[in-house]
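A.B. asks: All I have is the shape, not the residue letters:
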C-alpha cells in the first residue's frame, strides 16, 4: 500500500467539519478504493474549543491557516474558508507555492483568480480541484471535464443557487411574496442574514463563470457575466407563469455562439414540461448540451455539510489515486480569453407584465411600441376589468433580440397609461 | 506532446462508426485536452464496401476483429460488436492478453464475465473501461466510481432501457396497448425485430448488474437479478396509475441492505412528482443514493451513435490522460461476492388489479385473503358496475413483504369470482 495522503483542512465550518467527519467515518472504504489511507493530519480554525463532531486525536491544530498551509509533512490543503481575497487566497497561494495540492470549495476565489491559480498549480504539476465549488454534491465538474470530454459543449443551463430556488419554489407553492418568503428562509437557515450574494445572483454567477471555463476551455471571466437577481419577481408574475405553462427559475446560462461566449444569470420562464422546471426547493441542477452527447442533466443537493464534503473528498480521492487533469479541461496556459457577447445580443422570447390604467387605446399604444421595434407578440392576457383602476396586462413575444426588446420597453414605460416600469422575464426553452 | 494513442475499433455498426466519426471530427479538440492525439489506426468489420460516414485513409482494415486485437502497434481496442460470448469475448480477451487497454460498450459481456475480465485487466495494469455499456452518453460509471467515490452508495434506481421507456411513455400518452405500440416502435427503429432482450428486462438487468458492482464493490452477479419485463402492462393499468398519482416505469433497482444486495428489474409505479416519473421517451436516468451526498440524478440519452460514441471516447480520453482506476471501484481481486437477497424479501407497497365478476361478497373474500397474510390496504378503486360482467377492481397496499403479498395473490387468484390472474405492480417511492 502506498503511503497515506496527508490532508490539512483550513476552515471548520459546516463543510470543513463535514469533510473531516466523512474522512474519519469512511476511512476503511476510502483506503480500499484508493489503495492508501486518506489521513487528516492538521486543521485550522479560530475556535479550538467548539465540538465539531469529530475526534482531534492525532490531528495538529493551527490557529493560523496560512501557517498550516506552509507547515511540513502535508500533501494536500483543503480550503473551505471562503471569500475571494484575504485568508482564503493566501492559504491557496501558500499551499501551491509550497508544492501542496489544493482542494477548495471557494467559488468566489475561483471566479476572481481561477485562471491565475490554475496556472500556478499546473506549472508545479499540482492539482487544484474544486468539485465542491459548484453545485455541492453533484459531480458536475468531473462530469463536464471528463464525462463529456469527447464533446464540444455548446450550452450550460443551471439552477446553481439553492437559496433562490427555495424562495421561488415557496413563492409558487404558497402564493406569498418575495420578502415574506425570504424572511422565512432566513429563519430556517436557508438564507444568510445578508442575503444579497444569493438573491442578487452573485453566487450563481461565480459558479457559472467556473463552469463556463471548464466547459468551453476559456479563461475564467466573471466580469463579463450579466447578473440579475430575483428580488423583483412578484407573486403575480409567478401566477401568470403558471397560467402560461412556465415556471420561474433563476438560471445560470452559458452559451457558445459564433460571436463568442454568453454568460448570464437572471430569472427565466422555463416550460413546465422541461427537466429544470421540476427541480424544486434547495436542489441544484445543470443541463449540459454537447455536440455528440446532446443533453445531459445532473441534479442533486447544492449545499449542506454531507453533500459538499462528498465533493471535497471525491477530489481528494482523485489526488490519492494520482489522477490529474487540467483544472479547466485544457492546460491553464492555453485557456483562450472568452470573447464576451454582450447581453444586448441575447435572442429569445420574452414575458412582459405591464400595470396599466384601464383606458381605451392603451393596448393600441403598447402594440404600436412593440411593432415599431419589430417585436412580434405571441400571446396576450388580461383578466378582468377595473375602470379607473390599474390592471395587469401580460404578453409574451416571439423570438426577438434583447436590444429591440429594451427599446420597446423604454417606449412602453413612457406611455401615460402605463403606471410602473414594465416587468420583463426572459423565456428559455433550452 | 506525448505519442498518439493508437486505437483499433472492432465493429462498425452505429456505435463503432459513430466513434470513428467523433474521433475524426474532434481530433484537434481532443489533442488539446489530452496533450496527445487520439488516432484510429485500425478497424474491423464484415462489410468493407459500405459507406460509414468517415474516411478510411491511413486506417488498416481487418476482416477478423480477433486478429486485429492481436495485431502490433495498437494501444487500445474498442469492442462494440456486442454479445456475451463468441467474437466479442475473444476480441476482449485477446486484446488484454496482448497488453492492450480495452474500451467496450458490451453490457452482456460484462454482466456475464465482468469480474474475470476486470481481474485479467488489472493483473496486467490495463484499463478495461465501459462507460458506454450503461445508459449511453450519461457519465454514470464515472459518476459513481469517481464522482461519488466518497460515499457508500446504498441504492440505485434507474431507467436503463430506452425501448421500454419509449413504449411505456407512448402507451400513457396515446392510451394504446403494448402490442400496438411495440409494433410502431419496431417500425421506427426504437425496438429490435426480436424485442425480447429489451421488453423482457434482460438488457436492463445486464446494465444493472454492472452498475451494482461499480456502486457497491461486489462481484458482478447477473444471475441473481430478479427480472420481469413490461409485456403484461396494460393500458388499463397505466390509466389506473395516473388516477392514483403514479407513472409506470421499468426500473432497475439495486439496494444494499443488512441482509445483502437486492438486484431487480421490474415495472414500478413511481409517484408523478418524483424525478424518474418525468423521464420520458427514449431517455435514460439513474438516481444514486449515497450516505453523504444523498440523492444524485443523472439523465440523458441512453442510446444512439452520438451519445454512445461520447461515452466510448470519454474512456479513451481517460486512457490517453493515463488516468486509471479499478474497473469496479475497488480492485477486482478484492470484489466481495454479493450476498444476494431473494425477491421474496422485498418490502414495500403494491398495486393490485383484479378482474372480478361483480357479485355480492367478492370484496369481502378479497379483503379476507389480504388480512390473512397481514397485508393492509391503503386505497381501493372500483369504477362503475356491470352486473353479470367482469369489472376491474384496483387496490394499493401499505408496506408489506413480497412473500406475504404473493401468498395473498395466490389465495385471491383462487377465488371463484376472480376471473384472471391478478396483476401486481410494485410501488417504489425511492
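C.D. replies: Yep, it's here. Please read these numbers as outputs of a predicted model, since none were measured by experiment.
A.B. asks: which secondary structure element contains residue A:363?
C.D. replies: With elements delineated by DSSP states H and E, residue A:363 resides in helix A:362-372, which encompasses its position.
A.B. asks: Which positions within that helix qualify as buried?
C.D. replies: When burial is assessed from 16 or more other C-beta atoms under 10 Å in any protein chain shown, helix A:362-372 yields the following buried residues: A:362-363, A:365-366, A:369-370. In short, each C-beta sits where N, CA and C put it, glycine included.
A.B. asks: Among these, which one sits closest to residue A:257?
C.D. replies: residue A:370 (25.1 Å; C-beta to C-beta).
A.B. asks: Not counting residues beside it along the chain, what's closest to the closest one?
C.D. replies: Computed as C-beta to C-beta, 6 or more residues apart in numbering or on different chains, the closest residue to residue A:370 that is not its neighbour in sequence is residue A:408, at 5.1 Å.
A.B. asks: got the contact list for that neighbour?
C.D. replies: Applying C-beta atoms under 8 Å, 6 or more residues apart in numbering or on different chains, we find residue A:408 in contact with A:369-370, A:372-373, A:375.
A.B. asks: Reformat the residues you listed as JSON lines; add pLDDT.
C.D. replies: Supplementary listing: those in JSON lines, determined by pLDDT from 0 to 100:
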{"residue": "A:369", "pLDDT": "96"}
{"residue": "A:370", "pLDDT": "97"}
{"residue": "A:372", "pLDDT": "97"}
{"residue": "A:373", "pLDDT": "97"}
{"residue": "A:375", "pLDDT": "97"}
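A.B. asks: who's in contact with the residue of chain A positioned farthest from its centre?
C.D. replies: Note on chain A: the largest separation between a C-alpha and the mean C-alpha position, by C-alpha atoms, centre = their mean, falls on residue A:360 (45.0 Å). Remark: with contacts taken as C-beta under 8 Å, 6+ apart, residue A:360 is in contact with nothing.
A.B. asks: Now residue A:343: phi and psi?
C.D. replies: phi -60, psi -30 (degrees, to the nearest 10).
A.B. asks: from the stretch 251-400 of chain A, which residue is nearest to chain B?
C.D. replies: Scanning the stretch 251-400 of chain A for proximity to chain B using C-beta to the nearest C-beta identifies residue A:313 as nearest, at 3.4 Å.
A.B. asks: thinking that residue is in contact with residue A:22, fair?
C.D. replies: Yes. Counting by C-beta atoms under 8 Å, residue A:313 touches residue A:22, with 5.4 Å between them.
A.B. asks: Mutual contacts of the two, please.
C.D. replies: Residues touching both residue A:313 and residue A:22 (C-beta under 8 Å, 6+ apart): B:150, B:292.
A.B. asks: Have a look at the two and say which one is more surrounded.
C.D. replies: Neighbours were tallied for residue A:313 and for residue A:22 using other C-beta atoms under 10 Å in any protein chain shown; the higher tally belongs to residue A:313 (29 against 26).
A.B. asks: what's the closest non-adjacent residue to the more buried one?
C.D. replies: Ranked by C-beta to C-beta, 6+ apart and with sequence neighbours excluded, the top spatial neighbour of residue A:313 is residue B:150, at 3.4 Å.
A.B. asks: Also residue A:26?
C.D. replies: Leaving aside its sequence neighbours, residue A:26 sits nearest to residue B:150 (C-beta to C-beta, 6+ apart; 6.4 Å).
A.B. asks: For chain A, which segments count as helices?
C.D. replies: Secondary structure of chain A (DSSP state H): helices located at A:14-25, A:27-34, A:65-70, A:86-97, A:107-123, A:140-142, A:162-174, A:178-188, A:196-199, A:202-216, A:235-244, A:305-320, A:362-372, A:402-413.
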